[in-house]
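Peer 1: starting from these lines, generate the structure:
(one chain, ligands or ions: 1)
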Amino acid sequence: MAYETILVETHGKVGLIRLNRPQALNALNRQIITELNAALDAFEADTGIGCIILTGSEKAFAAGADIKEMQDFTYPQTYLDDFIASWERLSRTRKPVIAAVAGFALGGGCELAMMCDFILAADTAKFGQPEIKLGVMPGAGGTQRLTRFVGKSKAMEMCLTGRFMDAAEAERAGLVSRVIPAADLVDEALKVAAVIADMSRPVAMMTKESVNRSYETTLTEGIRFERRVFHSMFALADQKEGMSAFVEKRKPNFGG
Ligand SMILES: CC(C)=CC(=O)SCCNC(=O)CCNC(=O)[C@H](O)C(C)(C)COP(=O)(O)OP(=O)(O)OC[C@H]1O[C@@H](n2cnc3c(N)ncnc32)[C@H](O)[C@@H]1OP(=O)(O)O
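Peer 2: A predicted model of the protein is given here:
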């Protein structure tokens, strides 16, 4: 597929997807979501890729859903088309996905970042759910994921006032895993992604699935799920390789 609104690169075992509609601060229209989903499908199918990075530009990760495209939508159209459902493709990605966020991550942009497995933020990053200022509310998981990440009080304040959170506040609140100088963001994300991509592929994917399960089940069920998946890892050659490498004082070479 030829892409017009995203740039796609591979760096060794890492797939990099860059949102690229600079004239609209990466506002998320149908085309950009369709292309993002196609790139995710391609990286998932590529056995050479072990980790994916989603990033934007220096000014904007994404300034939200495309307001100019949305402004004339009607209720029957949004319902019948199940508007936004296709965005969830990102959250169903089985390989690990890192969001590398610089500049604005607003509305659907913040929601897209939260669908990734963790967020590395540039010191320029600004997160917000300003939909209320447009007469709507978040529709791509903002009220749910933001609340789980930063707690009810902060999520409620952000969704009800549209206030932006800077990178330092986002780190304190647990929305992002780390803040990085803007100039180093993508290089650092590539380094982190390369570390993940060198791990056992099935173990990384099962670890992702297990951490995500904690958001969807009770503690007892989550612990049971984790233990069963953990047991299954002893069927993997990578478990033998990882533990032998430790005992033999060498670097493991995981085959996946
Ligand atoms: C997922 C769901 C269901 C909902 C949503 O996501 S709703 C959208 C939520 N996001 C927003 O409300 C943010 C809207 N944008 C802004 O508030 C500002 O653009 C800004 C604060 C991010 C940046 O302001 P700045 O003054 O630096 O830049 P602008 O001149 O305002 O923007 C440049 C250029 O980009 C267009 N733009 C920006 N955001 C969007 C958007 N979400 N949809 C469509 N277009 C957007 C903006 O109109 C301008 O283009 P023009 O010069 O051609 O008007």
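Peer 1: quick one, domains of the chain?
Peer 2: Domain ranges of the chain: 6-197, 200-248, per the TED database.
Peer 1: from these, which stretch is densest packed?
Peer 2: Relative to the other members of the domains of the chain, domain 6-197 carries the highest mean neighbour count by mean count of other CB atoms under 10 Å, namely a mean of 19. Where you see a C-beta, it was placed from the backbone N, CA and C, and this is true even at glycine.
Peer 1: and that domain, how far apart are its ends?
Peer 2: Terminal residues of domain 6-197 lie 22 Å apart, using CA to CA, to the nearest Å.
Peer 1: can that domain be found next to the ligand?
Peer 2: Yes: applying CB under 6 Å from any ligand atom, one finds domain 6-197 touching the ligand at 24-25, 27, 63-68, 84, 104, 106-108, 111, 130-131, 134, 139-140.
Peer 1: please narrow these to those residing in helices.
Peer 2: Where the residues of domain 6-197 next to the ligand overlap with helices, as defined by DSSP state H, the overlap consists of Ile67, Lys68, Gly108, Glu111.
Peer 1: go through those residues and name the one nearest the ligand.
Peer 2: The shortest gap between the ligand and any of those belongs to Gly108, at 3.0 Å (CB to the nearest ligand atom).
Peer 1: ok, back up a step: present the domains of the chain as JSON lines; the columns should include mean pLDDT.
Peer 2: Below are the domains of the chain laid out as JSON lines (pLDDT from 0 to 100):
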{"stretch": "domain 6-197", "mean pLDDT": "98"}
{"stretch": "domain 200-248", "mean pLDDT": "97"}
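Peer 1: got the contact list for the residue in the stretch 151-256 of the chain that the ligand sits nearest to?
Peer 2: Closest contact between the stretch 151-256 of the chain and the ligand, by CB to the nearest ligand atom, is at Gly162 (7.7 Å). With contacts taken as CB atoms under 8 Å, 6 or more residues apart in numbering, Gly162 has the following neighbours: Gly128, Gln129, Pro130, Glu131, Ile132, Lys133.
Peer 1: so Thr207, which of the three states?
Peer 2: Here Thr207 is recorded as helix under DSSP: H, G, I helix; E, B strand; the rest coil.
Peer 1: so which residue of the stretch 101-250 of the chain comes closest to the ligand?
Peer 2: Taking CB to the nearest ligand atom, the stretch 101-250 of the chain has Gly107 as its residue nearest the ligand, at 2.5 Å.
Peer 1: test my guess that that residue contacts Ile132.
Peer 2: No: taking CB atoms under 8 Å as the definition, Gly107 is not a contact partner of Ile132, at 10.1 Å.
Peer 1: which stretches of this structure form strands?
Peer 2: All strands of the chain, identified by DSSP state E, fall at 6-11, 14-19, 51-55, 60-62, 97-101, 104-106, 118-122, 126-128, 165-166, 178-180.
Peer 1: brilliant, that's me finished.
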